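> 3D model of this:
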Amino acid sequence: MELKNQHRLKDKEVEKYHEELRSKLGDSPFGKEEKVDVADCNDRKVVLLDKEPLATFFEDTVFPTIDGLLSMEATKRYVTVDMGAVKFVYNGADIMAPGIVDADESIEEDDLVWVREVEHEKPLAVGRAITNGKEMIESQEGKVVKSLHHVGDEIFE
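This next block holds a predicted model:
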């Protein structure tokens, strides 16, 4: 991962992103008073704490990376998949309704969400919801989350 234009975020920006993530997910991968940098990585901006990419921007919205999710206690915006779906999600596939065993019912269409596996509840991917959380649980067919970042992609590596 080649970083360009790395610079320190102002304290107000760090606090804003921290509060935004806590509101969306119930936690944040960095504290509101920590020294956080932002840098360009290929076609996106990443948020760094001690050189680790803990968040990134999807369009203009900040959301944790897989590493960021691993470092925090997110309690909202999760989509849980069965073990049969793990290898597909792990490789960047979109999330299909038949593989979903649970989801945060407060998820709305177009929300950024994180996908976890059912056994250990570890994050596998970040994506954009195509349907709301209740429909994800109830539906038996079709694509419900568009994968945007997954274990093994350039940000994760």
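
> in this structure Val101 contacts Tyr78, no?
No. The criterion here is Cβ atoms under 8 Å, and Val101 misses it with Tyr78 at 11.1 Å. Every residue, glycine included, has its C-beta placed from N, CA and C.

> neighbour-wise, which of those two wins?
Taking neighbours as other Cβ atoms under 10 Å, Val101 and Tyr78 compare with Tyr78 leading, 20 against 13.

> residues in contact with that one?
102-104, 113-116, 121 (Cβ atoms under 8 Å, 6 or more residues apart in numbering).

> so can I have JSON lines of those showing neighbour count, pLDDT and distance to Asp67?
Converted to JSON lines, the contacts of Tyr78 look like this (neighbours: other Cβ atoms under 10 Å; pLDDT from 0 to 100; distance: Cβ to Cβ, whole Å):
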{"residue": "Asp102", "neighbour count": "16", "pLDDT": "97", "distance to Asp67": "23"}
{"residue": "Ala103", "neighbour count": "26", "pLDDT": "98", "distance to Asp67": "23"}
{"residue": "Asp104", "neighbour count": "23", "pLDDT": "98", "distance to Asp67": "21"}
{"residue": "Val113", "neighbour count": "28", "pLDDT": "98", "distance to Asp67": "17"}
{"residue": "Trp114", "neighbour count": "24", "pLDDT": "98", "distance to Asp67": "12"}
{"residue": "Val115", "neighbour count": "28", "pLDDT": "98", "distance to Asp67": "15"}
{"residue": "Arg116", "neighbour count": "21", "pLDDT": "98", "distance to Asp67": "14"}
{"residue": "Glu121", "neighbour count": "11", "pLDDT": "96", "distance to Asp67": "16"}
